[in-house]
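K.L.:
Sequence and predicted structure below; questions after.
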Amino acid sequence: MPIRMGVDIGGTFTDFCLVNEDGGRIFVDKRLTTPHDPSEAVLNGFREMLARHNIQTDEVDGFVHGSTLVTNSVIERRGARTAMLVSRGFADLLDIGFERRYDLFDLRLRFPVPLVPRKLRLEVDERASYDGTIQRPLTDGDKEKALAFIRENRIEAVAICFLHAYVNPTHERDLAEYLTRNAPDLYVSTSSGVFPYIREYERWTTTTMNAFVQPVVDRYLGRLENTMREWGFRGNFHIVTSSGGTITPKVARQFPVRMLESGPAAGVLMAAFIGRSIGKPDLLSYDMGGTTAKGALVRRYSPAKKYDMEVARVHGFKKGSGLPAKFPTIDMIEIGSGGGSIASIDERGVLRMGPRSAGADPGPACYGRDGPYATLTDANLVLGYLDPSFFLGGKMRLDKAASEKVIGSTVATPLGIEVARAAWGMHEIINEDVARAFRVHASERGFDYRQCSMVAFGGSGPAHALRVARKLRIPAVVFPVGAGVMSAFGMLASPLSFETARTYRVGLNPLDEQALEHQFRELVDEAAGFLIDAGLARDQISVTRRLDMRFCGQGYEIEIDLPPTSGDVRQTIAGLFKSKYEQIFGNPPIEAELEILNWKVEVRGPQPTILDSCRLVHESRKTAPKASRKAYFPEAGGFIDCAVYDRYQLIQGRMVQGPALIEEDESTCVIGVNDRATVDARGNIIAYLDGSESPAGVSQNAS
C-alpha cells in the first residue's frame with residue numbers, strides 16, 4: 001500500500017503521520033485534540049494534510065487509527081446506559097470486588113464505582129457447574145424476563161455474565177441470540193465472548209466495560225467511516241489495539257475494550273522497531289505527551305505483554321483503586337505526568353505536579369486560552385527549553401508572560417521563591433515522579449535498565465529524557481526522527497493481529513501431542529478468522545501459542561511460549577515452565593504436579609516494512625545551529641546562553657555538545673551540560689550522558 005496515514009488521538013494533541021512509499025517520503029503533523037468531538041480533529045487534520053501534499057483522498061490506501069476514546073469514556077463515565085444479566089446470587093460481585101484493601105495504612109481509601117449500578121443488574125435463574133455441567137437450565141421465562149427488564153429500563157447495552165461461562169458458554173450465547181433477535185438495536189456483550197478467562201470479577205468488569213463503550217465506539221467509527229467514504233476514501237481502515245496490533249472496525253465494534261491503550265501501545269511497538277534498526281535489543285520506552293507519561297520494557301526486541309490492567313484509578317493513581325480488565329495488552333506503566341500536568345501546593349505546603357491535567361481545553365496558560373493553571377509546559381517555557389515563536393513549528397505561538405504570571409501567583413509567591421526557581425521545581429518534580437515509577441515497574445519485572453538504552457518520544461518526553469535517564473543511571477537515550485508523533489509512526493508499523501485465550505484446567509501428565517493440538521485448534525481457527533475476514537490468506541498468518549501453568553495447589557500461574565512440538569511434549573513443556581519458574585523466583589522448582597490453566601493464541605499478519613525505505617520530509621527554514629537563547633541549567637548556575645539546533649539540518653555523524661537544545665516541529669531535545677549527542681545513519685539522535693560512551697566512528701570534536 002503506497003500511501004498510508006496513521007492518526008493518534010491524545011488527551012492534548014492529535015498526531016498524524018502520512019507515508020508515501022512510492023516517493024519514499026514521510027510527512028507528520030500535530031494539532032490540538034477536540035475533546036467535545038475527537039473525530040473533528042481527526043477529519044480536519046486528515047483532509048488538510050492531504051491537501052497540503054497534493055494527495056487525493058482516493059489515493060490513500062490505508063488509514064490506521066488509535067484513540068483515547070474508550071479510556072476517556074470509562075474515566076469520565078460517558079458511556080451507554082448499561083445493564084448486567086448475571087447468575088442468581090452474584091449481582092453484588094461488582095461491589096464486593098477483591099474484598100481487600102490495596103493500602104493497609106491509608107484510612108481514606110476509595111474504590112471505583114461499578115459501571116453498572118445495582119438497580120440495573122438482573123439475576124437470572126441459571127447455573128453451570130465449575131466443570132461446565134448444567135445444573136439449572138436457562139428457560140424461555142428467564143429470557144422473556146430479561147427482555148422485559150431491558151425494555152422497562154431503556155437499556156442501550158447489556159453485559160451477560162454467567163458463572164463458569166468460560167467453560168460452558170451455552171447459556172450466555174442462547175440469551176445473547178434471543179436478545180439480539182428481539183431487540184436488534186441493543187448492544188450485547190457476553191463474558192465468554194469478550195475474554196473467556198477464569199476469575200469472575202475481572203471477567204465481568206471487562207465485559208461491563210466492553211458493553212458500556214460499545215455504542216460510543218460504534219457511533220464514533222461510523223462518523224469517521226461515513227465522512228471519509230463521502231470524501232472518496234476506499235482504502236483499508238484499521239484500528240490499533242492495546243496489544244500493539246491492528247484490527248478492522250468490525251472487530252473493534254465487537255471488542256472496543258481492546259482499544260483502551262491503543263495509542264501508547266503503538267508507541268512502544270515503534271520503540272521496539274527502532275531497537276531492531278539500531279541493534280539495541282533491550283530498551284526502556286518513555287513516552288510523555290500532554291496528559292500522561294507511559295513507560296514500557298522491551299526485551300530482545302519484543303515489548304513485554306500482560307493480560308490484565310486497571311482503568312480509571314480513583315485514589316492517587318494507586319494500584320487497586322481502578323477497574324480491573326482482562327485482555328491482551330502491552331505491559332505499560334502510566335504516570336500522571338505530562339505537558340498539561342497542573343502544579344498545586346498540597347496541605348503540607350509542598351509543591352506537587354498532576355495527576356490533574358489542563359488537557360487541550362483550556363490547556364496550559366501559555367496557550368492563550370485563559371487557562372488558569374500553571375502546568376509543566378508553562379514551566380518549560382519559562383526555563384527557556386521551548387521557543388514561544390516555534391511551538392509546533394511556528395503554527396502556534398506561546399505566551400511566555402502568561403506562564404510567568406500564573407507560575408508566580410500559584411507557585412512562586414505561596415512558596416516564597418523566584419519564578420524561575422518555581423519553574424525548575426515543577427520540571428524536576430516531574431523528572432523524579434517518572435524515574436520513581438520506572439524504578440518500581442522495572443524492579444517488579446526483574447529488568448536491569450542500567451545497561452540498556454532509553455527511547456524517548458512524545459511531545460514532552462525529549463525535554464525530560466536525559467534528566468530521567470541520569471536518575472536511573474541509563475547511559476544513552478535515543479530520540480527518534482519525528483519523536484513528537486511517534487505513536488502515529490508506530491501505527492504504521494503495526495501488523496494485523498488478534499489474540500484470544502480460554503481457560504481449560506488440565507493436568508500435564510495425561511497430555512500428549514494430539515490432545516495439545518486439539519485444544520489449540522479451535523482457538524487458532526477463531527483468531528485466524530478475524531484476519532481472514534480482513535483479507536489475509538491463511539498462509540500469510542503466523543501463529544504463536546502460549547500456556548499459563550502452575551504447580552498444583554498454587555493460586556497464580558506463569559506464562560510460557562510454546563515452540564513447535566516434537567517428541568515428548570510433556571517433557572518439553574515441563575522444562576520450559578521450570579526454567580521460567582526459576583528465572584522469576586530465583587529458586588529451583590518444587591517437586592509437585594504441573595497443571596495448565598489458560599490456553600492462548602496470537603495470530604499475526606505480515607509485518608509492515610513501509611517505514612524501512614522512507615524518510616521524513618521537512619522544509620527546513622534555518623541552518624544549524626539556528627541561534628542561541630538563555631536556558632536554565634542548575635549545574636551551570638542558572639540561565640546560560642545555550643546553542644539551539646535545527647534538527648532537520650543535522651546530518652549523519654554530526655556531534656552536538658551540551659548544553660544544547662535541538663528543535664523539531666513537534667518536540668525539543670534538551671541536552672545537558674556534560675552530555676553529548678550524535679546523529680546516526682537513520683536520523684536518530686543518540687545522546688550519551690556525561691561522556692558515558694564514545695560513539696564508534698564519530699569525531700570527538702564538538703560542532
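P.N.:
Noted; the coordinates are in hand. Numbering: from 1, shown residues only.

K.L.:
can you give me the strands in the stretch 301-450 of the chain?
P.N.:
Counting by DSSP state E, counting those that start in this stretch, the stretch 301-450 of the chain has strands at residues 302-303, 305-311, 323-330, 332-335, 341-345, 351-357.

K.L.:
average pLDDT for the second one?
P.N.:
In this case it means strand 305-311. Mean per-residue pLDDT for strand 305-311: 87.

K.L.:
for that strand, packing partners?
P.N.:
helix 69-75, strand 323-330 (3 or more C-beta pairs under 8 Å, 6 or more residues apart in numbering; DSSP states H and E). In this view, the C-beta of every residue, glycine as well, is placed from N, C-alpha and C.

K.L.:
which of the ones you listed is buried the deepest?
P.N.:
strand 323-330 (a mean of 25; mean count of other C-beta atoms under 10 Å).

K.L.:
Distance from the chain centre to that one, please.
P.N.:
Put simply, strand 323-330 sits 11 Å off its chain's centre (C-alpha atoms, centre = their mean, to the nearest Å).

K.L.:
can you check stretch 525-536 too?
P.N.:
24 Å.

K.L.:
List the buried residues of that stretch.
P.N.:
527-528, 530-531, 534, 536 (16 or more other C-beta atoms under 10 Å).

K.L.:
surely F195 meets N598?
P.N.:
No. Contact criterion C-beta atoms under 8 Å: F195 and N598 do not qualify, at 10.4 Å.

K.L.:
Those two: which is more packed in?
P.N.:
F195 (26 against 21; other C-beta atoms under 10 Å).

K.L.:
what's the overlap in contacts for F195 and N598?
P.N.:
A501 (C-beta atoms under 8 Å, 6 or more residues apart in numbering).

K.L.:
hang on, the earlier thing: how about TSV for the helices and strands packed on strand 305-311, with mean pLDDT and distance to N182 added?
P.N.:
Output for these, formatted as TSV (pLDDT from 0 to 100; distance: least, C-beta to C-beta, whole Å):
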stretch	mean pLDDT	distance to N182
helix 69-75	84	27
strand 323-330	90	29
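
K.L.:
want to try TSV for the ones you listed, with distance to I651 as columns?
P.N.:
Output for the helices and strands packed on strand 305-311, formatted as TSV (distance: least, C-beta to C-beta, whole Å):
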stretch	distance to I651
helix 69-75	40
strand 323-330	34
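
K.L.:
Low-confidence regions, the stretch 451-600 of the chain specifically.
P.N.:
565-567 (pLDDT under 70).

K.L.:
any chance you could map the strands in it?
P.N.:
Here the stretch 451-600 of the chain has its strands, by DSSP E, counting those that start in this stretch, at 453-457, 476-479, 497-507, 542-551, 558-562, 594-604.

K.L.:
just checking, what packs against the least confident helix or strand in the chain by mean pLDDT?
P.N.:
Lowest by mean pLDDT, DSSP states H and E among the helices and strands of the chain is strand 615-616, with a mean of 74. Counting contacts by 3+ C-beta pairs under 8 Å, 6+ apart, strand 615-616 packs against strand 25-32.

K.L.:
What strands line up against the strand it packs on, and which way round?
P.N.:
Sheet pairing of strand 25-32 (DSSP bridges) gives strand 13-20 (antiparallel), strand 615-616 (parallel).

K.L.:
Contacts for it next, please.
P.N.:
Outside strand 25-32, the residues touching it (C-beta under 8 Å, 6+ apart) are 12-20, 41, 44-45, 48-49, 52-53, 360-361, 363, 392, 459, 482, 484-485, 488-489, 611, 614-617, 665-666.

K.L.:
Recalculate using a threshold of 6 Å.
P.N.:
Residues outside strand 25-32 that contact it (C-beta atoms under 6 Å, 6 or more residues apart in numbering): 13-19, 41, 45, 49, 53, 360, 392, 482, 485, 614, 616-617, 666.

K.L.:
got it, and stretch 510-522?
P.N.:
545, 565, 569-570, 599.

K.L.:
need the contact list for G141.
P.N.:
Applying C-beta under 6 Å, 6+ apart, no residues qualify as near G141.

K.L.:
I figured M259 hits V70, correct?
P.N.:
Yes. Using C-beta atoms under 6 Å, M259 is in contact with V70, at 4.6 Å.

K.L.:
Put together a markdown table for the strands paired with strand 25-32, with mean neighbour count and distance to Q540 on each row.
P.N.:
A markdown table is the format used below for these (neighbours: other C-beta atoms under 10 Å; distance: least, C-beta to C-beta, whole Å):
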| stretch | mean neighbour count | distance to Q540 |
| --- | --- | --- |
| strand 13-20 | 25 | 21 |
| strand 615-616 | 16 | 28 |
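
K.L.:
Just give me how far the helix ranked longest in the chain sits from the chain centre.
P.N.:
Using DSSP state H to define each element, the chain has its longest helix at helix 200-230. Centroid separation between helix 200-230 and its chain, computed with C-alpha atoms, centre = their mean, is 17 Å.

K.L.:
Okay, angle between that helix and strand 323-330 too, please.
P.N.:
Helix 200-230 and strand 323-330 are oriented at 60 degrees to each other (axes from the mean of the first three to the mean of the last three C-alpha atoms, to 10 degrees).
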